[in-house]
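Novice: only geometry, no sequence info:
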């Protein structure tokens, strides 16, 4: 399943007054996060993604994601329980003139599906190893 989490941040929003936008996702494995910051932000809009007090993106809580026309893919493997599945996007904007938008595309799959995929990859690696030429 894919979820979209968006936040449009008003101009002159300090980190201390950051906007928080939450989304409830299904239980499973958080496997991929795409972060998109549209052009024109001049690296003045910033974001962090967390689950409760745990920082998912970036891991170090004193840092953030920012950029100009940024479109970045992050691979993740974080288990989300059914009862603890609220993700929060924290955004702030140091631009004194324009509002800016941050969009996250969040991929979550059931744990069984991710485990099956891992098993298939493991079997393919073994198969390829059997036929690899030994020199």
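Specialist: Yep, it's here. Given the structure is predicted, the values throughout are model-derived calculations rather than measurements. Residues are numbered from 1 along each chain as shown.

Novice: drop to CA atoms for contacts and neighbour counts, all remaining ones
Specialist: Noted.

Novice: what's across from the residue nearest in space to the middle of the chain in the sheet?
Specialist: Central residue of the chain (Cα atoms, centre = their mean): residue 33, 3.3 Å from the mean position. For residue 33, the beta-bridge partners are residue 74, residue 106 (DSSP bridges).

Novice: and it, what does it touch?
Specialist: By Cα atoms under 8 Å, 6 or more residues apart in numbering, the residues touching residue 33 are 73, 74, 75, 76, 104, 105, 106, 107.

Novice: repeat that for 10 Å
Specialist: 2-4, 49, 56-57, 72-76, 104-108 (Cα atoms under 10 Å, 6 or more residues apart in numbering).

Novice: likewise residue 83?
Specialist: 24, 25, 26, 27.

Novice: tally of neighbours for the second one?
Specialist: Each residue near residue 25 was counted by other Cα atoms under 10 Å, and the total is 21.

Novice: Against residue 108, how distant is it?
Specialist: Applying Cα to Cα, to the nearest Å, the value for residue 25 to residue 108 is 8 Å.

Novice: ditto for the first one
Specialist: Applying Cα to Cα, one obtains 11 Å for the distance of residue 24 from residue 108.

Novice: Please say which of those two ends up with more neighbours.
Specialist: residue 108 (23 against 14).

Novice: any idea which helix or strand carries that one?
Specialist: strand 100-109 (DSSP states H and E).

Novice: now that strand, how far from the centre of its chain.
Specialist: Averaging C-alpha positions (Cα atoms, centre = their mean, to the nearest Å) puts strand 100-109 6 Å from its chain's average.
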